[in-house]
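[1] With the input below, show me the fold.
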Amino acid sequence: ISTMANWPITIEDTGGLGPITVVTPPGRQTVTPASLMAVASIGTNADLLRGRGIDWGAGTGLLTIAAALVHDVDLVLGLELGAVDIPVARANAVRNGVGDTTRFINADSFRAVDPAEQPSIDALRGRADFLVANPPASPTGDGLGWRREALRSALDFLVPGAPVLLQISYQYSSARITGLVDDVPGYVYEGLAGTTGWMPFDQSRDDLADHLIAYARVEEAGGVPYTFSDGADGHLSATEALEQCRATGESPRSKWQMHHYRRAG
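    Down below sits the predicted model:
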């Protein structure tokens with residue numbers, strides 16, 4: 001499901017959390033295959049979540065709401081850079097009955113845009129019991145820069161042993177996904193927490209088309225190859241996937257996935 005409209009959208013497959021209904025600001029994409037998978041993964045991994053948590057890059061609040069619906073969760077703090085999303089996220093939380101167990105702050109990572117709100121973030125320093133995040137691809141580097149930032153900036157906030165559920169799609173390759181714990185020391189990789197089947201890496205979406213071109217450039221510069229399905233039993237690098245797409249008009253295939261990391265210590 002994907003839409004740019006701002007009418008209510010109800011998500012039924014939430015991994016046992018019950019239906020979640022959200023709206024989004026006009027002209028903004030709200031529910032993608034990645035976010036659907038992320039919500040379902042929170043539900044199916046609810047046993048990992050308890051106490052107080054953080055949604056890094058909360059958008060209009062979908063993952064914050066899903067985490068707040070987990071029985072043993074007391075509070076979820078949604079951090080979001082886009083100021084226009086904050087009032088929408090708060091309204092979405094109220095709509096789903098978790099207005100009292102969520103809080104949304106306009107922030108650049110863990111730095112509040114309004115200094116008066118910084119104490120509410122700092123109150124979770126060393127006390128957060130979990131982190132969830134579904135960041136977009138970063139505009140430079142190999143695409144995982146914002147995910148590295150989420151892990152790095154959360155180190156001082158998470159208690160030892162705290163789980164992190166982080167959306168990273170299949171095409172980034174297992175080397176990059178497991179290698180995040182080397183890039184950002186302080187975490188242990190615990191494995192896959194949720195996945196879709198093979199789905200088109202939809203080249204009719206401008207963002208995904210731009211990402212495929214960027215991935216091919218990373219490979220051309222000597223970076224670790226990306227991994228797409230060729231639609232049969234083999235795999236394609238980003239360079240090969242881009243060439244195939246240009247020749248056939250068909251999108252390569254990937255899987256939207258949630259991965260489980262754990263704060264070491």
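[2] quick one: contacts for Asp55?
    Counting by CB atoms under 8 Å, 6 or more residues apart in numbering, Asp55 touches Gly61, Leu63, Thr64, Ala67, Val76, Leu77, Gly78, Leu79, Leu131, Val132, Ala133. Any C-beta I mention is one placed from the backbone N, CA and C, and that applies to glycine too.
[3] Assign the fifth one to helix, strand or coil.
    Using DSSP: H, G, I helix; E, B strand; the rest coil as the criterion, the local structure at Val76 reads strand.
[4] Can you pull out the low-pLDDT segments for the stretch 1-150 of the chain?
    1-6, 29-30 (pLDDT under 70).
[5] And the buried ones among the contacts of Asp55, selectable in PyMOL?
    To isolate the buried members of the contacts of Asp55 in PyMOL, using 16 or more other CB atoms under 10 Å:
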select buried, resi 61+63+64+67+76+77+78+79+131+132+133
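[6] would you list every one of the strands in the chain?
    Secondary structure of the chain (DSSP state E): strands at 9-11, 20-22, 51-56, 73-80, 102-108, 111-112, 130-133, 163-167, 187-195, 199-200, 228-229, 235-236, 253-254, 257-263.
[7] Run the angle between the fourth one and strand 51-56 for me.
    Between the axis of strand 73-80 and that of strand 51-56 there is an angle of 20 degrees, by axes from the mean of the first three to the mean of the last three CA atoms, to 10 degrees.
[8] Partner strands of strand 73-80 and their direction?
    strand 51-56 (parallel), strand 102-108 (parallel) (DSSP bridges).
[9] Output it in PDB with nothing but the alpha carbons.
    Extracted C-alpha coordinates of strand 73-80, given in PDB (Å, rounded to 0.1, in the frame of the first residue of the first chain):
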ATOM      1  CA  VAL A  73       5.400  -0.700  26.800                       C
ATOM      2  CA  ASP A  74       4.900   2.400  29.000                       C
ATOM      3  CA  LEU A  75       6.000   5.200  26.800                       C
ATOM      4  CA  VAL A  76       7.400   5.800  23.300                       C
ATOM      5  CA  LEU A  77       9.200   9.000  22.400                       C
ATOM      6  CA  GLY A  78       9.000   9.800  18.700                       C
ATOM      7  CA  LEU A  79      11.800  12.000  17.300                       C
ATOM      8  CA  GLU A  80      11.100  13.600  14.000                       C
END
